[in-house]
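Student: The following comprises the amino acid sequence and a computationally predicted model.
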Amino acid sequence: MNRPGLSLLVFLFSLTGLCFTDTSRGEEQRIKTIYGVVKEDVIITSKYAKFSLAAPLGLSDKLDNSSRKTDELLIVRWCYYKHREHQKNLCRFLQGDRFLFSVTSPSFTAQLHIKGLQVTDAGFYYSVPSSSVKEAVEFVPDVTQLLFKAVPIAQAILNVPQLEVKKAATLSLSAIGFYPKEILMHWLKDGIPLRERVGLSITMYVNGTFKAMSTVSFVPQINDHGKTITCRITHKSMNSSWSQRLHVLYGPVNLRVEPEGNIVKTTGELLELTCLASSNPTAEMSWYRNSMVLLVRKTRHLRIRVHNISSNDQGVYRCIASNKLGKRQSMLIVTVIDPQINYEITDQQLMVIVISVSAVLFLVIVTSIVTYVIVRKCRVTGRPEEEPVYMVPSRPTADVYDTLKRDEPKEPSAPAKVPSAVVYDTLKRDEPKEPSAPAKASEAVYENVYRVKSYNPTTA
């Protein structure tokens, strides 16, 4: 075949893009390792043993141009596989703007320039000459393993929301742009690990780096104000920590007045009162005397002074501290004494007081005794007496009459005289004219007595 025909054949093979590796020789591929950094560039080289003199016409001239791209010359292409066990079975040819190919001569060294490394670029790379170059070189390409160095955290964001006492809050720290994925994040408060449960979530970016977010929830207390919260990170690339002071909001607490307790002053002296309270934000504090406002100010301690105190300055003093989260107050009594007034009690005044109190007590005791006697007597005399109940048969006999006569009281009460009068009238009205009257009178008396005793007012 003449030279023009050979050149045409080489061109046709180049258009087809048929690429393969030479396995017939059985040479073992050499593996070398290089390290890259995410977002930076890297160059991978593959050097062949030598260039053959049997190269097609014009090919050596093309190889001399070291700046020409492979997609123009189609002399060498690059293959990539992810894992060692995959090798050529899952090999794919590289293409895209991030991959630049070049060949240098006379050493016939192929170069792969990768722009803006991504974590997904980690793997194995080797070059494959086209069929037109196959006979011109000793085909023993090198295999390059691309690994990545640990990438430190590019940015960390610690988020601490507004904290309010006794209300649960969630703190978070976001670590952005690190590699590899493994990372540990711990939370501490003033150097002491938090016992609350910590959450951790990890996501991967397109370039292969990772973002981790750690969260912790806790209920702040008043004594947490001003303490330092810290998130400590352990990663292959770095060990670091991020901290922030806690700002806890709470209402007025520990309100007190100095001096403590009620105060007694003498006319003309100095009265000085100080009110102190702790709060966040700072409370508005005010002093009152009775219902009159003396002083108002936004502070943590408020002091008032009264010079040349007089009786007009005495009364109930109140200190009030308040903010949007609460209100507290404290009070005391101030008494002012005039030294010109004698407040001592003489013996004569004391005697009068003792006698007066004794007289009052005596009257109370006497009144109590008289009242008790009267009430007791009323209860005794006011009780009704029970009248006797007589049970007589329908046909009375002489024994019954004798019993009635025997039981009759010698001095009957007023109700008992009524039957006697009735009996007398009956005896006088039924008295017989005949001499035998006494005997009949006895029977009449008995009959009328029986009638009277058996009288029932309810049936009358």
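Tutor: Cool, got the structure.

Student: mind checking how far V198 is from Y250?
Tutor: Distance of V198 to Y250, computed by Cβ to Cβ, to the nearest Å: 25 Å. (Each C-beta comes from the backbone N, C-alpha and C, glycine too.)

Student: higher neighbour count, those two?
Tutor: Ranked by neighbour count (other Cβ atoms under 10 Å), V198 and Y250 place Y250 first, with 21 against 16.

Student: got the contact list for the more buried one?
Tutor: When contacts are counted by Cβ atoms under 8 Å, 6 or more residues apart in numbering, Y250 touches E164, V165, I222, H225, S279, N280, L325, G326.

Student: hang on, the second one packs against P220?
Tutor: Yep, that's V165 we're talking about. Yes - using Cβ atoms under 8 Å, V165 is in contact with P220, at 6.0 Å.

Student: In terms of neighbours, single out the busier of these two.
Tutor: P220 (22 against 19).

Student: mind checking the SS state of the more buried one?
Tutor: coil (DSSP: H, G, I helix; E, B strand; the rest coil).

Student: any idea how far it lies from K327?
Tutor: For P220 relative to K327 (Cβ to Cβ), the value is 21 Å.

Student: that older thread, in strands, which of the contacts of Y250 appear?
Tutor: Secondary structure assignment by DSSP state E places E164, S279, N280, G326 of these in strands.

Student: Distance across stretch 285-297, terminal residue to terminal residue?
Tutor: Start and end residues of stretch 285-297 are separated by 5 Å (Cα to Cα, to the nearest Å).

Student: again with stretch 257-276
Tutor: 6 Å.

Student: What average pLDDT does it get?
Tutor: For stretch 257-276, the mean per-residue pLDDT is 93.

Student: Same check on stretch 291-298?
Tutor: Here stretch 291-298 scores 93 as its mean pLDDT.

Student: avg pLDDT for whichever helix or strand I374 is part of?
Tutor: Using DSSP states H and E, I374 maps to helix 347-381. In this model, helix 347-381 has an average pLDDT of 86.

Student: again, but for stretch 125-136
Tutor: 69.

Student: thinking again about what came up before, give the residues shared as contacts by V165 and P220.
Tutor: Counting by Cβ under 8 Å, 6+ apart, the residues touching both V165 and P220 are V248.

Student: hang on, the earlier thing: which of the ones in strands among the contacts of Y250 tops the neighbour count?
Tutor: S279 (24 neighbours).

Student: Give the closest residue to it in space, chain neighbours not counted.
Tutor: Closest residue to S279 apart from its sequence neighbours, by Cβ to Cβ, 6 or more residues apart in numbering: P252 at 4.3 Å.

Student: Report the secondary structure element holding that neighbour.
Tutor: Using DSSP H and E, P252 falls in strand 248-258.
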